[in-house]
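**Q** 3D, please:
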Amino acid sequence: MTEIADPKIATSGLLRRDGVALWRQIAQRLEAEIASGGLAAGDRLPTELTLAARHGVNRHTIRRALESLAGRGLLRIEQGRGSFVAEDVLDYPLGPRTRFSELIRAQNREPEGRVVSVERVPAEPVMAEALRVPLGHPLMAIERLGLADDRPVVLGRHHFVLPRFDGLPEALAGHGSITRALEALGVADYRRAWTRLTARMPTEEEAALLQQSAQRPVMLAEALTQDMDGNPIDYTVSRYAAGRVQIMVTQEGSSL
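**A** Below is the predicted model:
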């Protein structure tokens with residue numbers, strides 16, 4: 001990933017009397033650069049201040065141009081990092097069995113999972129119903145960030161039934177993936193029983209972890225995972241970076 005240097009983006013020459021707003025002219029120039037390959041996927045654009053000086057406009061005009069391209073999926077705007085040319089969207093099948101790492105590797109990308117937090121929490125009503133435990137029953141909550149080629153794809157909050165999975169944090173630290181960690185605890189295989197899809201705006205923390213704009217929605221997936229005997233083991237709430245993921249509902253899909 002590189003920052004675009006002169007003279008990839010043309011300077012000045014904007015027409016102030018041709019009936020096309022300045023921000024739209026700038027957006028059209030950037031779009032043309034992306035279409036021609038002058039701006040490659042992952043490239044970082046100059047700062048708003050640099051672009052404003054280059055085009056002889058104010059930062060508000062530049063920001064509107066960038067936001068219009070981000071809204072169309074051509075750019076991604078990351079808080080505190082700048083604007084980047086959007087990469088290809090990742091196909092993300094949701095179904096019973098395919099695991100996160102397998103899915104990412106199948107698309108020639110390198111998967112990674114990072115544990116964000118581990119804590120014991122009482123089962124709230126939705127969790128208790130899904131996991132078939134009493135209200136307030138202790139659960140192991142593991143927040144985990146899934147990445148592809150070092151880019152955040154999904155932030156999943158897993159809730160495992162205790163005491164059955166009391167040793168899961170240690171197993172996860174030793175094996176790296178939830179699948180391998182569950183195997184170490186005696187769960188040889190598991191399936192996703194159901195998935196419920198919605199969308200909402202991210203919290204500031206979610207936007208920061210997913211490295212996306214707080215003004216862009218995340219796709220939300222609630223899911224219940226069961227062992228092969230039908231016993232519920234994990235109620236998960238996953239938040240997907242909408243600009244990098246295309247969810248596909250299939251008979252065979254993914255589980256973080």
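**Q** Spell out the residue ranges of the strands in the stretch 101-250 of the chain.
**A** Assigned by DSSP state E, counting those that start in this stretch, the strands in the stretch 101-250 of the chain fall at 111-122, 138-148, 151-161, 190-200, 218-227, 232-241, 245-249.
**Q** and the residue nearest to Val133 when sequence neighbours are not counted, how many neighbours does it have?
**A** Closest residue to Val133 apart from its sequence neighbours, by C-beta to C-beta, 6 or more residues apart in numbering: Ala123 at 5.4 Å. (C-beta placed from N, C-alpha, C; glycine too.) Residues lying near Ala123 (other C-beta atoms under 10 Å) number 22.
**Q** Tell me the pLDDT of Ala123.
**A** We have a pLDDT of 98 for Ala123.
**Q** Please look at it and Arg132 and confirm they touch.
**A** No - using C-beta atoms under 8 Å, Ala123 makes no contact with Arg132, being 10.0 Å away.
**Q** okay, the strands of the stretch 101-250 of the chain in JSON lines with mean neighbour count and distance to Arg54 next?
**A** Output for the strands of the stretch 101-250 of the chain, formatted as JSON lines (neighbours: other C-beta atoms under 10 Å; distance: least, C-beta to C-beta, whole Å):
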{"stretch": "strand 111-122", "mean neighbour count": "14", "distance to Arg54": "36"}
{"stretch": "strand 138-148", "mean neighbour count": "20", "distance to Arg54": "33"}
{"stretch": "strand 151-161", "mean neighbour count": "23", "distance to Arg54": "28"}
{"stretch": "strand 190-200", "mean neighbour count": "14", "distance to Arg54": "36"}
{"stretch": "strand 218-227", "mean neighbour count": "20", "distance to Arg54": "33"}
{"stretch": "strand 232-241", "mean neighbour count": "23", "distance to Arg54": "29"}
{"stretch": "strand 245-249", "mean neighbour count": "15", "distance to Arg54": "33"}
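**Q** out of those strands, nearest to Gly73?
**A** Of all these, the one in closest proximity to Gly73, counting by C-beta to C-beta, is strand 245-249 (10.4 Å).
**Q** contacts for the closest one?
**A** 89-95, 153-154, 195, 197, 219, 221, 240 (C-beta atoms under 8 Å, 6 or more residues apart in numbering).
**Q** Break this protein down into its structural domains.
**A** Per automatic domain parsing, the structural domains of the chain span 22-85, 90-255.
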